[in-house]
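Engineer: okay, predicted coordinates and the sequence, questions at the end:
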Amino acid sequence: MEHTKLSNRDSEDTAETNLTWLGLVGMLDAPRPEVRDAVVKCRTAGIRPVMITGDHQLTAQAIAQDLGIAKVGDRCLTGQELQKLTQPKLETQVLQVSVYARVTPEHKLRIVQALQRQGHVVAMTGDGVNDAPALKQADIGVAMGITGTDVSKEASDMVLLDDNFTTIVSAVEEGRVVYINIRRFIRYILGSNIGEVLTIAAAPLLGLGGVPLSAVQILWMNLVTDGLPALALAVEPGRPIVMQQPPKDPKESIFARGLGSYMVRIGIILAVITILMMVWAYGYTAQVQSELLDRDRWQTMVFTTLCLAQMGHALAIRSNTRLMLEVNPLSNPYLILSVGVTSILQLMLIYFEPFRSFFNTHYLSGLELLICIGFSSLVFVWIEAEKLFIRWYASRKYSKI
C-alpha cells in the first residue's frame, strides 16, 4: 500500500486529489433526546439558542437543524468568514445567524461581545481552555462540571454538574419563578405596611385620642401577620405560563410593571377601609360603654381588622389575574396553613386572658368580631374585583383589534 505525504502548501480543496478510496468510518456524537424539547422551551420563553462549534460547517448545520436551533436554508457563519468581518458588521450578522462553525477562541469572544453590544444578555457554555475568554466575557458563564477543564470552571459564573443543557433551561424557569415570588413578597409586605402607617397616622389627626396600636401590637403584626404569610408567598409554585413570556429587562426596577402603583393603591384602600371602621368603632364603643365593656375596645377592633385584612390580602395576591377560587389551594399548603395559624393566634390575643393582658387588647363581642371580619374582607373583595376589571378591560381592548 502506497502512502502519499501531503504538502503543507496543499489547500483543503486540492489536498484530496489523486487518492485511492480505502474505506469510510462514520462517527456520531448524538445530542440527548431531551435537548430538542429544551430548545423549543427556550424559543417559547424568548431565549435564542446559538451554536458555536469548532466542527465542520455541514456537521454543525445538520445538528442545529435536528435540534431546532436553525432551519433548512439558514446561514452558517464559518470562522474564515467571520475573520473577514469587522466588528460592526458582525454585530449586524449575529442577529440573524444562529450557527457558527470552525471558530477559534477569538471568534467566540467576538460573537459574545457582538451580542452584548446589541443589547442581549448572553449565557455562554463551554468545557475547554479555549472557551475561557468567552465564558469570562459572557453575562453568565456556564462551565461543564464533568468534562470541563479547571480553567473553564474558574472563568465561569456557574458550573453545570450534569453537563446537560436541559438543566440550564430548568434553572431559567426556576429563576423566573423566584423573581415573581420576590415581587409578590414585596407587593404584600409594602402594600400592607403602607396601609398600617396611614391608619396609625390618621387616628391622631381625626381626634380619636391617641394611636390605635401600641408598640407591642405593631411588633406583633411585623413578626407574625407580615412574616408567616409573606414567607409562604415566597414559595408559591410557578405556572407553566412562566416559560411562555418574554424575558424581563434586567435594568428595570423591582417596582416596574405596576408593582409600585399597586402597593400605593392597595395601601390606601386598606387604610381607608380601616379608618372608616375605626371612626365607626370609636363612636360605637362610646355609646355602649359600661362597666363590663372597656372604652378602648375600638383600638382592639382596629388591630384585629388590620391583621385579618392582611390575611385576605395574602390569599388574593397569589395570582395577578386568576381569582382565588380558580387557584388550587393545595398547590401552596404553606400559605393556607400560615393564614390559618395567624388568624387563630390573632383571636387568641382577644379571647385568651394571658395574651390579652400582655398585648393590652380587650374582649370583643361576637357582633364586634363580625364587624371586624366584614371590614377586613373588603380588601380581599377589592383585589378580586380588580382582577375581574383587568380581564374585562383586556377582552374589550383585544375585541377592538
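Structural biologist: Structure's in. What do you need?
Engineer: low-confidence ranges in the stretch 251-400 of the chain?
Structural biologist: 286-295, 397-400 (pLDDT under 70).
Engineer: now the helices for it?
Structural biologist: Remark: helices assigned in the stretch 251-400 of the chain by DSSP state H, counting those that start in this stretch are 259-287, 297-316, 333-351, 353-359, 366-399.
Engineer: list the contacts of the residue nearest to the spatial centre of the chain.
Structural biologist: Nearest to the mean C-alpha position of the chain, by Cα atoms, centre = their mean, lies Tyr179 at 2.5 Å. When contacts are counted by Cβ atoms under 8 Å, 6 or more residues apart in numbering, Tyr179 is found next to Lys248. All C-beta atoms are positioned from the backbone trio N, CA, C, and that covers glycine.
Engineer: Val122 too?
Structural biologist: By Cβ under 8 Å, 6+ apart, Val122 lies in contact with 112, 115-116, 138-140.
Engineer: buried ones among those?
Structural biologist: By neighbour count, with 16 or more other Cβ atoms under 10 Å, those hold 112, 115-116, 138, 140 as buried.
Engineer: for those residues, which one is nearest Tyr334?
Structural biologist: Relative to Tyr334, the closest of the buried ones among the contacts of Val122 is Ile140; by Cβ to Cβ it sits at 30.3 Å.
Engineer: now the phi/psi pair for the closest one, please.
Structural biologist: Here is the backbone geometry of Ile140 (degrees, to the nearest 10): phi -140, psi 110.
Engineer: against Asp157, how distant is it?
Structural biologist: Ile140 sits 5 Å away from Asp157, going by Cβ to Cβ, to the nearest Å.
Engineer: same deal with Leu325?
Structural biologist: In this view, Leu325 and Asp157 are 42 Å apart by Cβ to Cβ.
Engineer: the two: which has the busier surroundings?
Structural biologist: Set side by side, Leu325 and Asp157 show more neighbours around Asp157, with 14 against 7, by other Cβ atoms under 10 Å.
Engineer: leaving out the residues flanking it, which one is nearest to that one?
Structural biologist: Leaving aside its sequence neighbours, Asp157 sits nearest to Gly141 (Cβ to Cβ, 6 or more residues apart in numbering; 4.9 Å).
Engineer: now Ile63
Structural biologist: Per Cβ to Cβ, 6+ apart, closest to Ile63 is Pro31, 6.5 Å.
Engineer: in terms of helices and strands, where is the one you found?
Structural biologist: Pro31 is part of no helix or strand, with elements assigned from DSSP states H and E.
Engineer: what is the burial count for it?
Structural biologist: Count around Pro31 with other Cβ under 10 Å applied: 13.
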